[in-house]
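Student: Dropping a prediction and its sequence here:
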Amino acid sequence: MRTIDWVDGAVEIIDQTALPGRLTVLRLTTVEQLVAAIQRLAVRGAPALGVAGALGVAMAARRSPDPAAAVRLLETARPTAVNLARGARRAAARLPEGADAVLAEALAIRDEEIEASAAMATRGADLLVELCGARPRLLTHCNTGALATVVGGTALGAVLELHRRDTLGTVVASET
């Protein structure tokens, strides 16, 4: 399951504020709704925020009378979220080419994040075995799983890959 995606003209996200009690998928049809979700931490994690910024621009390109204003709104929704602004700017660079080009760029950003997570999982698992032995014992801290990305995760992706390989020793999670 993707934690953020473009589905039938809208952005769908897993609402992280509802977890772990319930799984809620939000369907966001306006840039304002997306910005509100970003600000209330319904979507978080640098890679996921980059995708959110890009998909928000794609939404603006299709629906907003002033896409440039929507881009500014997205870029500043979380001032410290570098990936959010980067994703929004990269998608916005395609605005002169039309809404379809913007959506194509936003989906490319999403797909690149998926590929990057998979590559990090494989390389990270290999490196952990190389540095820590055949059945590494690990400590994780912070949200580095699928919720922070689109699927898989960054550091937690390596842990999941070790589990898939049946070579994972112990994992201690010091934060949810």
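Tutor: Okay, I see it.
Student: Would you map the strands across the chain?
Tutor: Under the criterion DSSP state E, the chain contains strands at 4-7, 10-14, 25-28, 138-140, 171-173.
Student: What are the buried residues along the fourth one?
Tutor: This points to strand 138-140. Taking 16 or more other C-beta atoms under 10 Å as the neighbour-count basis, strand 138-140 is seen to contain the buried residues 138, 140. For glycine as for every other residue, the C-beta is placed from the backbone atoms N, C-alpha and C.
Student: And for the first one?
Tutor: Within strand 4-7, the residues that qualify as buried are 4-6, counting by 16+ other C-beta under 10 Å.
Student: can you check the third one too?
Tutor: For strand 25-28, the buried set under the neighbour-count rule, 16+ other C-beta under 10 Å, comprises 26, 28.
Student: which helices and strands does it pack with?
Tutor: Helices and strands touching strand 25-28, by 3 or more C-beta pairs under 8 Å, 6 or more residues apart in numbering; DSSP states H and E, are strand 10-14, helix 31-39.
Student: Likewise for the longest one?
Tutor: With contacts taken as 3+ C-beta pairs under 8 Å, 6+ apart, strand 10-14 sits against strand 4-7, strand 25-28, helix 46-63.
Student: Name the residue closest to the centre of this protein, please.
Tutor: residue 48 (1.5 Å; C-alpha atoms, centre = their mean).
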